[in-house]
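# quick one, fold the following:
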Amino acid sequence: MSKELVNAIADMEEKQALDLASELLAKKTDPMLILDDCRSAMEIVGQRYEAGTYFLPELLLAGEMLTEITAIVKPEMAKGQQIQRHGKVLIGTVKGDIHDIGKNIVTFMLDASGFEVKDLGVDVPAEKFVEAIREFQPQVVGLSGFLTLAFDAMKDTIGAIQAAGLRDGIKIMVGGGPVSEEVRNYTGADAYGKDAMAGVTLARQWVGVK
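Purely as a prediction, here's the structure:
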């Protein structure tokens with residue numbers, strides 16, 4: 001673990017973080033270790049956000065750094081052995097909501113944890129989830145939403161998946177700032193993830209990865 005990289009990301013030192021990631025790759029550091037450092041840094045960012053010391057701009061910047069570091073690391077990962085994939089996760093922000101910061105962090109962490117992830121983006125209607133489930137055949141579906149109006153969209157989406165006869169073959173998690181156990185119960189999801197790490201843990205449990 002590179003404490004310097006973790007601290008640079010967590011402290012919003014963008015240039016330093018990118019330089020460190022490049023230096024670590026040049027030293028033949030395992031790309032997965034770099035992504036693990038990113039994951040550790042995002043946990044710190046999340047904690048600071050919950051504590052009220054970080055706000056939306058910091059989350060946005062952290063997301064940008066993740067994207068940039070991933071772009072640096074992935075070509076090196078492709079040169080080595082193919083990543084052992086645990087399973088497939090379909091994810092998207094439900095219809096009527098365009099928030100994607102949390103979803104993007106979950107997507108990044110799932111990818112870094114060995115899942116094949118298909119991200120449908122934001123404002124995704126129920127029928128698009130149904131179509132993607134048929135085509136992509138995931139074991140896990142993640143419905144994201146930050147606005148309270150997303151609760152009905154999550155419920156409608158799960159209802160559409162049920163009506164299409166696809167519900168029994170998949171596990172569904174919901175997540176986002178205001179999502180709670182009560183919301184999970186209302187929507188009919190299998191579980192809710194209170195943060196990105198919880199989402200990864202759920203996915204790993206559901207596909208049988210220890």
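# residues contacting residue 143?
Contact analysis of residue 143 by C-beta atoms under 8 Å, 6 or more residues apart in numbering lists 91-92, 94, 129, 154, 157-158, 172-175, 187, 189. For glycine as for every other residue, the C-beta is placed from the backbone atoms N, C-alpha and C.
# please name the bridge partners of it.
Here residue 143 sits in beta bridges with residue 92, residue 174, as judged by DSSP bridges.
# all strands of the chain, in order?
88-93, 116-119, 140-144, 171-175, 191-193 (DSSP state E).
# can you check which of the ones you listed gets nearest to residue 201?
Proximity of the strands of the chain to residue 201 was assessed by C-beta to C-beta; the nearest stretch is strand 191-193, lying at 7.8 Å.
# what ranges of the chain fall below the confidence cut-off?
78-84, 210 (pLDDT under 70).
# domain parsing for this protein?
3-79, 88-207 (automatic domain parsing).
# quickly compare these and say which is most buried.
Among these, ranked by average contacts under mean count of other C-beta atoms under 10 Å, first place goes to domain 88-207 (a mean of 20).
# wait, residue 64 sits on residue 14?
Yes - counting by C-beta atoms under 8 Å, residue 14 is a contact partner of residue 64 at 7.4 Å.
# okay, helices next: where are they in the protein?
3-10, 14-26, 31-50, 56-79, 101-112, 126-136, 150-163, 181-187, 196-207 (DSSP state H).
# make a markdown table out of those and add distance to residue 118.
Shown next, in a markdown table, are the helices of the chain (distance: least, C-beta to C-beta, whole Å):
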| stretch | distance to residue 118 |
| --- | --- |
| helix 3-10 | 26 |
| helix 14-26 | 25 |
| helix 31-50 | 19 |
| helix 56-79 | 16 |
| helix 101-112 | 9 |
| helix 126-136 | 5 |
| helix 150-163 | 15 |
| helix 181-187 | 21 |
| helix 196-207 | 13 |
